[in-house]
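S.K.: Have a look at this prediction, sequence included:
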Amino acid sequence: MPLELVPETASQKSARGSAKKERSPSTGPSEITSFDSEGKRVIRHYAGRLSEIADAIVTALVDTDAGVYASSSGLVRVYPAREIKNSSVTRPKGALTLHSVDATHLAEVAGRVAKHEKFDGRAKDWVPCDCPRRVAETILARGEWDELDYLNGFVESSTITPAGRVVELPGYDDETGLILAISCMEGYVSPPENPSFDDAKYAAEYLVSVFDTFDLVSESDRSAAVAGILTALVRRVIPAAPMFAVTAPTAGTGKTLLAETFAIVSTGRRSSVLSLGHDDSEAEKRLGGVLLAGDAVILLDNIERPLGGDLLCQVTTQPSIRMRPLGSSGMVSVPTHALIVATGNNLAIVGDLKRRVVLIRLDAKVERPELRQFAESHIDKVFRERSRIITAALTVIKAYSASHAPSVEGIAPFGSFEEWDRMVRRPLCWLGLADPLNASDGLRSQDPDIEAMRLLFAAWREVYADRAVSVSDLVRDGMAYGSAMNGEHDRPELYAALQLVCREKVNSGRAGYWLRAHRDRIVDGMRLEQVEIDRKGIARWKVSA
């Protein structure tokens, strides 16, 4: 069944109805469109009038609030999902998802919003009929539907725009293009119209207390956890936001519980969990699928391999990505405004993703952290206090905006995430909390890719100094054995480094690919350079200091 939103007020309906009438006529040509005795629209399908008939159906979709919206990927509807558990995605029952409207479904919806008739030559009269599929295909093929509301997504809690306007009325919001799909948030109170610094300070202290039962490593990690709540509430209205990564040295420390907090606050239910699979290609297909479905919070749980890849980098920094859905031959534009949260033991973030991550570290400092006992379930607490948490988070953001977003001493801009920086990071720092990005500084030193560069460059300088060599020379020298036949390599440091960069299977192809991918990179003052290509097309490389 389609999602049933809370009814709008009479004034809201009147205002929205007036706007729609300005965008499109309320009826089509009289010979195509009429109304029966019960006031339901009747559309007659004349031969040679396809365009006008399609216009009449679109008008019927608008006038009846059929729940069909235009989007970057085509026409869509919003549905609550049944509970899904499979090898790649776990989605809780009732989670809202976007469903693309194909021609068959559009024909069905058209039959709900209007009666359709065709002329029967035998009866010499108009008789009922189904909406022809070719008419639905015509509407979908247009690619632009100015009469319909454009849907940027849906939210299940109040949110706040970059301008400081709180969005909290159920239904479609024209400015943001979002559906506020909430039935009731018991105990929710709107944030003050002009909250003071003290109001925001009190709210921030309460948000910090939400994570009292967690063994967070530092104040920066605690601030990062609060930033996760704020990000979950505003992710739909900002173009880009970093991924949050929750890590701990031991299983059972509470990584998933902490990550679930963000989804419970923003949606009222636990998050959709995505298994990435064993390779980047599979991971990208699965992630693309949940982005198309419109999940608000996506949890990549218990990651056991280094986390990186082009798609995750694009999802965090780009407002939308171009992708080909499974089973489709065409490319569509998919919004990326979902909060991505990853968890793992000693989680490794590699490549360019490092600078796109807010790290949250947990450490219980006990051998079996899962055996600890607490007076109250954290999840139960968040569900019970959800409304208060939302009010507090919006108060923090609104107070900073109302104070004209003052600069914060010592806080450098966070490139690629300007709106997130202004709506999440800076308000917390303004209130005296630690910079939520401080804990992420250690990701560079923990990056396996940088460690591989460090080892190879140092071994290279030891063996070759400033001499340029080919890839085949590098592999030959690294794999050479000593004359004593003791099973040891001549240059063990170079061999170990090649094992690391080639993922244990050392050959010229893998080594050459790695060198090309790291050309002109600098680590510890050493730089990898391609100095020449000889007549045979063989490149020579050197590491300069």
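M.R.: Yes, it's here.
S.K.: Now the terminal residues of stretch 107-122, how far apart.
M.R.: Using C-alpha to C-alpha, to the nearest Å, the end-to-end distance of stretch 107-122 comes out at 25 Å.
S.K.: so for it, what's the average pLDDT?
M.R.: Averaging pLDDT along stretch 107-122 yields 94.
S.K.: How far away from the center of its chain is it?
M.R.: 40 Å (C-alpha atoms, centre = their mean, to the nearest Å).
S.K.: before we move on, what about stretch 492-506?
M.R.: 36 Å.
S.K.: Give me the buried stretch members for that stretch, please.
M.R.: Using 16 or more other C-beta atoms under 10 Å as the test for burial, stretch 492-506 gives Glu493, Leu494, Tyr495, Ala497, Leu498, Gln499, Leu500, Val501, Cys502, Val506. All C-beta atoms are positioned from the backbone trio N, CA, C, and that covers glycine.
S.K.: Which two of those have the greatest separation?
M.R.: Greatest spatial distance among these (C-beta to C-beta): Glu493 and Cys502, at 15.0 Å.
S.K.: Which stretches in the stretch 101-250 of the chain count as strands?
M.R.: When assigned using DSSP state E, counting those that start in this stretch, the strands of the stretch 101-250 of the chain occupy the ranges 115-120, 125-128, 153-155, 159-160, 166-167, 171-173, 178-180, 243-248.
S.K.: Which among these is found nearest to Ile538?
M.R.: strand 243-248 (40.3 Å).
S.K.: what's that closest one packed up against?
M.R.: Secondary-structure packing of strand 243-248 (3 or more C-beta pairs under 8 Å, 6 or more residues apart in numbering; DSSP states H and E): helix 219-234, helix 255-267, helix 310-317, strand 339-345, strand 357-361.
S.K.: Given that strand, what are its sheet partners and their directions?
M.R.: Strand pairing for strand 243-248, determined by DSSP bridges: strand 339-345 (parallel), strand 357-361 (parallel).
S.K.: Next, the angle from the shortest one to helix 310-317.
M.R.: Relative orientation of strand 357-361 with respect to helix 310-317: 90 degrees, computed using axes from the mean of the first three to the mean of the last three C-alpha atoms, to 10 degrees.
S.K.: quick one: Asp55 is in a helix?
M.R.: Yes - with DSSP: H, G, I helix; E, B strand; the rest coil as the criterion, Asp55 is part of a helix.
S.K.: Just confirm Cys429 contacts Ser407, I think it does.
M.R.: No - using C-beta atoms under 8 Å as the test, Cys429 is too far from Ser407 to be in contact (10.2 Å).
S.K.: neighbour-wise, which of those two wins?
M.R.: Counted by other C-beta atoms under 10 Å, Cys429 and Ser407 do not tie: Cys429 has more neighbours, with 20 against 8.
S.K.: Looks like Val506 contacts Leu474 (just checking).
M.R.: No - when contacts are counted by C-beta under 8 Å, Val506 is not listed as touching Leu474 (9.8 Å).
S.K.: overlap in contacts of the two?
M.R.: Leu498 (C-beta atoms under 8 Å, 6 or more residues apart in numbering).
S.K.: Redo the helices and strands packed on strand 243-248 as TSV? Include mean pLDDT, mean neighbour count and distance to Arg49.
M.R.: Listed next are the helices and strands packed on strand 243-248 as TSV, based on pLDDT from 0 to 100; neighbours: other C-beta atoms under 10 Å; distance: least, C-beta to C-beta, whole Å:
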stretch	mean pLDDT	mean neighbour count	distance to Arg49
helix 219-234	96	25	47
helix 255-267	94	24	45
helix 310-317	88	20	44
strand 339-345	94	24	47
strand 357-361	95	26	56
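S.K.: just for this protein, where's the confidence low?
M.R.: 1-30, 82-87, 183-184, 277-281, 324-330, 444-446, 482-487 (pLDDT under 70).
S.K.: Show me the residue at the heart of it, geometrically.
M.R.: Ala338 (2.7 Å; C-alpha atoms, centre = their mean).
S.K.: host element of the closest residue to it other than its chain neighbours?
M.R.: Excluding the flanking residues, the one nearest Ala338 by C-beta to C-beta, 6 or more residues apart in numbering is Ile298, at 5.2 Å. Ile298 belongs to strand 297-300 when assigned by DSSP states H and E.
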